[in-house]
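J.: Structure, please.
(4 chains)
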Number of protein chains: 2
Amino acid sequence: MRRKGLTSVELAKLAGVSSATISRAFSADSRIKPETRERVLALAEEHGFRPNAMARSLNNRQSRLVALVVNTVANPAEGEGLDLLIHRLQERERMPLILCCADHKDRSQLMRIASTYQVDHVVLYSDQVSIDDAIRIFRSATPVVASSEPLNGRDVSDVRLDSSVASAQIVEALVERGRKHFVYLSGRDSSHVDKQRMAWFAKALDARGLGFDVVAHGDYSYESGYKEGVLMLRRVRPDVVICANDLMAIGVKDAAALLGLRVPEDLAIVGHDGVALANWDSHSLTTIMPPRSAVSDALAEIIELSPTSDPVRRVIACEIRWGRSTGHGPGD
Amino acid sequence: MRRKGLTSVELAKLAGVSSATISRAFSADSRIKPETRERVLALAEEHGFRPNAMARSLNNRQSRLVALVVNTVANPAEGEGLDLLIHRLQERERMPLILCCADHKDRSQLMRIASTYQVDHVVLYSDQVSIDDAIRIFRSATPVVASSEPLNGRDVSDVRLDSSVASAQIVEALVERGRKHFVYLSGRDSSHVDKQRMAWFAKALDARGLGFDVVAHGDYSYESGYKEGVLMLRRVRPDVVICANDLMAIGVKDAAALLGLRVPEDLAIVGHDGVALANWDSHSLTTIMPPRSAVSDALAEIIELSPTSDPVRRVIACEIRWGRSTGHGPGD
DNA sequence: AAACCTAATGTATACGTTTGCGCAACGTGA
DNA sequence: TCACGTTGCGCAAACGTATACATTAGGTTT
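T.: The predicted model follows:
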């Protein structure tokens, strides 16, 4: 077992002070003579001393760990948001502990293990875990919900997306160009995000007296979009396909190409998530995009406030990124 | 401050045993009467007791934390590998601590903070951080290098990729179909992965008496592939573009489309990384793909062995995933 | 000059585990 | 019966830090 550096007691001896002074030199708001602090810090640097976060946390019951409960980091929709959030946390000297739930047989077990590390906060990014389970298991950690799951009066902080306006604008632009037959390709059944996205489009269409068929269910993957797209386009001939996410939307686009349908002339396609790759020239997908920077700012901010403050609720409006898959933006 | 559950001492009192017995009930290999263990575990379950990992680590100097030093989780090439590795770690009851280095101003600072958590292992996934820096900062943690950076005799475990055979096979297949003019679009300058990938292709071409121009430098992004692709294809007319990664390759493909070049008739394109999206029907990119599952297995295995065993070196051969971007596989 | 306040530091305990050591109880073999 | 090994468990000392409280030195007020 390699020997780790010195302890605060050993450094104290070297500096001719007590270990309490070492501790104070490292905590910003302590009453300590500036010169003493500098001297200690210099000596610490010289000897490579760094306080032990385990011992610190054990004592003051703050780990500065944040558990991020996600489905997977392999999916760009989650990855792009996560990356920003992780940066925000790192800037504030917090450490993210990642829990990938997607293919894990026992998510509760996973959360139980993570909770033994005394995480200060839990961000529920995944819509695959129940909020109540997470809260129960993570007990003393303050939860922040970012999964769009309904709160039902639960006393937790929450950041969620609203794409009602964006959905309505897209419907408006398409209807004005004569599109009439809208269909929806949904994601996983259990997903609340999906239900909401669908509901907003349904409402926007309803407001214009138009119907709305849910023609197929995918699982958020490109492959499912492709497969369901082929099946669906052989059955029905819609003007517009709204997809629960970008990956499926691109799958549908490729399915359309396979069947000889032109996008956007024969079929307009709309996605959700605004992942970077949807904007690539080969896809140029019109998509409803959360302002990721604002979302991660909000999450980081809430984490910084809690558990001192009351739970915070934030609703953030999504934007539209127009692409060629709908033929035009609102203006042309 | 919400009250966390009980401590081992409190549970001990409830069970009529000492806290040592509680501890032993939770550590698999301790001498404790099976019935006692069951009784303790049942009581722990009932009262929601879970041992405090901070206190445990402080005492036995094992945190079961693994620092994963990566560039970003937003990029699928890293994300897809990471996701597997995280799962392997979680299965073994280890917790990943993610450090996203890409846009971080001070990576050393980031690693210093992470090191205070007494991580047992560090996986160097990013090629942006110096191995020596990481080793120095993470002192007592056992490092595992997965960034393809040259080891230069350093005493660390290492898992790296070898695509020499794959490169040679691709060159062979293309040359036999009459392709002559190969060019290479490189990634970031500082990247060792890039240097290696280029060298393997250079060697394969050299073996057939063919030259090899590095025509442009990108930065691994789609955008850079697109931009450099347009500039390059206006200047030279190669048969084949080998790209340092898939994202740039797709950028080049879109650039070719913009300039009216047909892929693969006028131009064959080859990528590296084998990200899932390169296989989408709209791209169908021929790419050199690390066997991700094998890589993460190797990493997890090494982590499980070290620091007990000597450093382990593993070289894993990449495979080829043929797509339409080269017109054909080796057989047709 | 006494009384008092403040700033800077030391002392000692607590945080919740793990683990070496010791002890009792219980066979087992001679 | 005695010596001895084994099993199961309690005792108490760590692990490395933070912090309430005590202490000291110096300055200010009256």
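
J.: All the strands of chain A, residue numbers only.
T.: Ranges of strands in chain A, per DSSP state E, are A:65-70, A:95-100, A:121-124, A:142-145, A:157-162, A:182-186, A:213-217, A:240-243, A:268-272, A:286-289, A:313-317, A:319-321.

J.: Would you tell me which of those gets closest to A:R56?
T.: strand A:65-70 (11.8 Å; CB to CB). From N, CA and C alone the C-beta is placed, and that goes for glycine too.

J.: Average pLDDT for the closest one, rounded please.
T.: For strand A:65-70, the mean pLDDT works out to 98.

J.: Now for the nearest residue to A:E78 once chain neighbours are set aside, how many residues are close by?
T.: Residue nearest to A:E78 in three dimensions, not counting chain neighbours: A:V70, with 5.5 Å by CB to CB, 6 or more residues apart in numbering or on different chains. By the measure other CB atoms under 10 Å in any protein chain shown, the count of residues near A:V70 is 28.

J.: For A:V70, give its distance to B:V122.
T.: Separation of A:V70 from B:V122 (CB to CB, to the nearest Å): 22 Å.

J.: same thing with A:F49?
T.: 19 Å.

J.: Show me which of those two is the more surrounded one.
T.: Comparing A:F49 with B:V122 by other CB under 10 Å, the one with more neighbours is B:V122, at 28 against 21.

J.: on contacts alone, who are the packing partners of the helix or strand bottoming out on mean pLDDT in chain A?
T.: Ranking every helix and strand in chain A by mean pLDDT, DSSP states H and E puts strand A:213-217 at the bottom, with a mean of 83. Contact analysis of strand A:213-217 by 3 or more CB pairs under 8 Å, 6 or more residues apart in numbering or on different chains; DSSP states H and E lists strand A:182-186, helix A:222-235 as its packing neighbours.

J.: Enumerate the positions of that strand that are buried.
T.: The neighbour-count check on strand A:213-217 (16 or more other CB atoms under 10 Å in any protein chain shown) flags A:V215, A:A216 as buried.

J.: List the neighbouring strands of that strand plus their orientation.
T.: strand A:182-186 (parallel) (DSSP bridges).

J.: Pull the residues that contact the partner strand.
T.: A:171, A:174, A:194, A:198, A:201-202, A:205, A:210-218, A:225, A:228-229, A:232, A:236, A:238-244, A:248-249, A:252 (CB atoms under 8 Å, 6 or more residues apart in numbering or on different chains).

J.: before we move on, the earlier item: can I get the strands of chain A in a markdown table with distance to B:S108?
T.: Below are the strands of chain A laid out as a markdown table (distance: least, CB to CB, whole Å):
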| stretch | distance to B:S108 |
| --- | --- |
| strand A:65-70 | 21 |
| strand A:95-100 | 16 |
| strand A:121-124 | 25 |
| strand A:142-145 | 29 |
| strand A:157-162 | 32 |
| strand A:182-186 | 47 |
| strand A:213-217 | 48 |
| strand A:240-243 | 43 |
| strand A:268-272 | 39 |
| strand A:286-289 | 34 |
| strand A:313-317 | 34 |
| strand A:319-321 | 37 |
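
J.: how many other residues sit next to the closest residue to A:S23 other than its chain neighbours?
T.: Leaving aside its chain neighbours, A:S23 sits nearest to A:S8 (6.3 Å; criterion: CB to CB, 6+ apart). Counted with other CB under 10 Å, the neighbours of A:S8 add up to 23.

J.: what's the distance between A:S8 and A:F49?
T.: 7 Å.

J.: those helices in chain A, which residues are they?
T.: Secondary structure of chain A (DSSP state H): helices at A:8-15, A:19-26, A:34-47, A:53-60, A:76-91, A:107-115, A:131-137, A:164-176, A:192-206, A:222-235, A:246-258, A:292-305.

J.: tell me the most buried of those?
T.: helix A:246-258 (a mean of 26; mean count of other CB atoms under 10 Å in any protein chain shown).

J.: care to break chain A down by domain?
T.: Using automatic domain parsing, the domain ranges for chain A come out as A:8-51, A:65-161+A:292-318, A:164-290+A:320-326.

J.: Straight-line length of the longest one, end to end?
T.: Across its full length, domain A:164-290+A:320-326 reaches 18 Å between end residues, using CA to CA, to the nearest Å.

J.: Then the second one?
T.: Domain A:65-161+A:292-318 stretches 29 Å from its first residue to its last (CA to CA).

J.: could I get the helices of chain A as CSV with mean pLDDT?
T.: CSV is the format used below for the helices of chain A (pLDDT from 0 to 100):
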stretch, mean pLDDT
helix A:8-15, 94
helix A:19-26, 95
helix A:34-47, 94
helix A:53-60, 96
helix A:76-91, 97
helix A:107-115, 96
helix A:131-137, 95
helix A:164-176, 95
helix A:192-206, 93
helix A:222-235, 96
helix A:246-258, 98
helix A:292-305, 97
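
J.: Good, we can wrap up now.
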